[in-house]
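Enquirer: Predicted coordinates and the sequence they were generated for:
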Amino acid sequence: MTKGVKTVVNNKENGKWIPVMERLPGNDDKVLCCTRTKSGLNNLILGYYDRNQGRWCCGMNSNVVAWQPLPEPYQG
């Protein structure tokens, strides 16, 4: 896991949705994205925001409306 992701994961915002109009994640930090289809359905997908290109990278449907940090991986 990258340092940027660890910083966000250890933050109290873990598990809370952050609207993209409010704030974007760090450059290339993998996050859980909530996307919205043209018909209004919400989907969850892993992705990241590329600040250099100014776009989300998370598959064909990249209409991201909110995001949240990923939890720590299982350590079992």
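Expert: Received, thanks.
Enquirer: Helices along the protein, start to end?
Expert: 3-9 (DSSP state H).
Enquirer: Look up how far Gly76 lies from the residue nearest the centre of it.
Expert: Nearest residue to the geometric centre of the chain (Cα atoms, centre = their mean): Val31, 3.1 Å. Per Cβ to Cβ, to the nearest Å, Val31 is found 23 Å from Gly76. In short, each C-beta sits where N, CA and C put it, glycine included.
Enquirer: that older thread, what's opposite the residue nearest to the centre of the chain in the beta bridge?
Expert: Gly47, Pro69 (DSSP bridges).
Enquirer: How about the contacts made by it?
Expert: Applying Cβ atoms under 8 Å, 6 or more residues apart in numbering to Val31 gives the contacts Val8, Pro25, Leu46, Gly47, Tyr48, Tyr49, Trp67, Gln68, Pro69, Leu70.
Enquirer: Kindly recompute the last result at 10 Å.
Expert: When contacts are counted by Cβ atoms under 10 Å, 6 or more residues apart in numbering, Val31 touches 5, 8-9, 18, 24-25, 46-49, 56, 58, 64, 66-70.
Enquirer: Can you go through these and name the buried ones?
Expert: With neighbours counted by 16 or more other Cβ atoms under 10 Å, the contacts of Val31 contain buried members at 5, 8-9, 18, 24-25, 47-49, 56, 58, 64, 66-70.
Enquirer: what about the strands in this protein?
Expert: Under the criterion DSSP state E, the chain contains strands at 18-19, 31-36, 42-50, 55-57, 64-69.
Enquirer: Just the C-alpha atoms of the second one, please, in CSV.
Expert: Taking Å, rounded to 0.1, in the frame of the first residue of the first chain, the C-alpha atoms of strand 31-36 are listed here in CSV:
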residue,chain,number,x,y,z
VAL,A,31,-10.2,4.5,-3.4
LEU,A,32,-13.7,3.1,-3.4
CYS,A,33,-15.7,5.0,-5.9
CYS,A,34,-19.5,5.5,-6.2
THR,A,35,-20.5,6.0,-9.8
ARG,A,36,-23.9,7.0,-11.1
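Enquirer: Okay then, goodbye and thanks.
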